[in-house]
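Asks: Pasting a predicted model and its sequence here:
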Amino acid sequence: MDIPEGKKVYFASDNHLGAPTMEASRPREKKFVAWLDEIKHDAAAIFLLGDLFDFWMEYKTVVPKGFTRTLGKLAEISDSGIPIYYFVGNHDLWMNGYFEEELNIPVFHHPQQFTFIDTSFFIGHGDGLGPGDKGYKRMKKVFTNPLAKWLYRWLHPDWGVRLAQYFSVKNKMISGDEDVKFLGEENEWLVQYAKRKLETEHYDYFVFGHRHLPLEIDLNEKSKYINLGDWISYYTYAVFDGKSLHLKKYMVN
């Protein structure tokens, strides 16, 4: 992918819109939409790395109510010709064509490699990667099982969405009951995952979300790990200007 002169590539993750309630997340949604409106003037591409919503599930003819401001802004940007790429997270595993068909936004269910100019990126949400977290990895296999998804869709959307939202909001990161702290490189699973990937192939940047903690870590002299943080506590994002990738904080009131 070429980046025109004066243009940039933007990355953001983990908005969890709708949590703990639609009303409580509305100010965060407005802030995110303001950021999208600001960056559209110099964006060559926008990457959203999952958990945009605290829960998202698509039935055959139904999607969750709400998020009109966000979806409308994404549609506007996509229609203007700026490519947007979406990576599903652990809170929006059950995407099934709506973003592609309605917004012209490709959706990825696994990490992907991208190259901008001569700079290589390995990009994904980050859930279930690296050592540890075996309980979640087993649970994800159930959630992504075609039979399990088929059975769940037999629930009426009013019940299915409400039930999923109830359990989703129990996430301690959203309720504020969990203090997310840096655990040291040896205990950061995504850092360990990136280091193992480098044993077989070089990437200049590994970009993930999921961790809810903005991090910039040098993996070696030529590779860096970036975690995007979130739009709950930090309002952080990353920007690539064609030469380097750095974390920034959106400061608008």
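Replies: Perfect, thanks for sending it.
Asks: residue ranges with poor pLDDT in the stretch 1-150 of the chain?
Replies: Applying pLDDT under 70 to the stretch 1-150 of the chain flags the ranges 132-145, 148-150.
Asks: need the next SSE after the lengthiest helix in the chain, C-terminal direction.
Replies: Secondary structure of the chain per DSSP state H: the longest helix is helix 22-39. Following helix 22-39 in sequence order, the next helix or strand is strand 43-48 (DSSP states H and E).
Asks: how close does the closest residue to Tyr235 other than its chain neighbours get to Thr236?
Replies: In space, and not counting its chain neighbours, Tyr235 is closest to Tyr250: 4.6 Å by C-beta to C-beta, 6 or more residues apart in numbering. Heads up, the C-betas are built off the backbone N, CA and C, glycines and all. Here Tyr250 is placed at a distance of 8 Å from Thr236 (C-beta to C-beta, to the nearest Å).
Asks: For Tyr234, which residues are in contact?
Replies: Shown in contact with Tyr234 (C-beta atoms under 8 Å, 6 or more residues apart in numbering): 212-214, 249.
Asks: Could you double-check that the residue nearest to Tyr235 sits in contact with Ala238?
Replies: No - applying C-beta atoms under 8 Å as the test, Tyr250 and Ala238 come out as separate, 11.6 Å apart.
Asks: burial measure for Trp94, as a count.
Replies: Neighbour count of Trp94, defined by other C-beta atoms under 10 Å: 19.
Asks: correct me, but it touches Glu58?
Replies: Yes - counting by C-beta under 8 Å, Glu58 is a contact partner of Trp94 at 6.3 Å.
Asks: For the chain, which segments count as helices?
Replies: Using DSSP H, helices in the chain cover 22-39, 68-79, 98, 134-143, 146-152, 157-169, 172-175, 189-198.
Asks: name the helices or strands packed onto the second one?
Replies: Looking back up the chat, that one is helix 68-79. The elements that helix 68-79 packs onto, with contact taken as 3 or more C-beta pairs under 8 Å, 6 or more residues apart in numbering; DSSP states H and E, are helix 22-39, strand 84-87.
Asks: List the buried residues for the first one?
Replies: With burial defined by 16 or more other C-beta atoms under 10 Å, the residues of helix 22-39 counted as buried are 22, 25, 28-29, 31-33, 35-36, 39.
Asks: what about the residue nearest to Tyr235, distance to Tyr237?
Replies: Distance from Tyr250 to Tyr237, by C-beta to C-beta: 7 Å.
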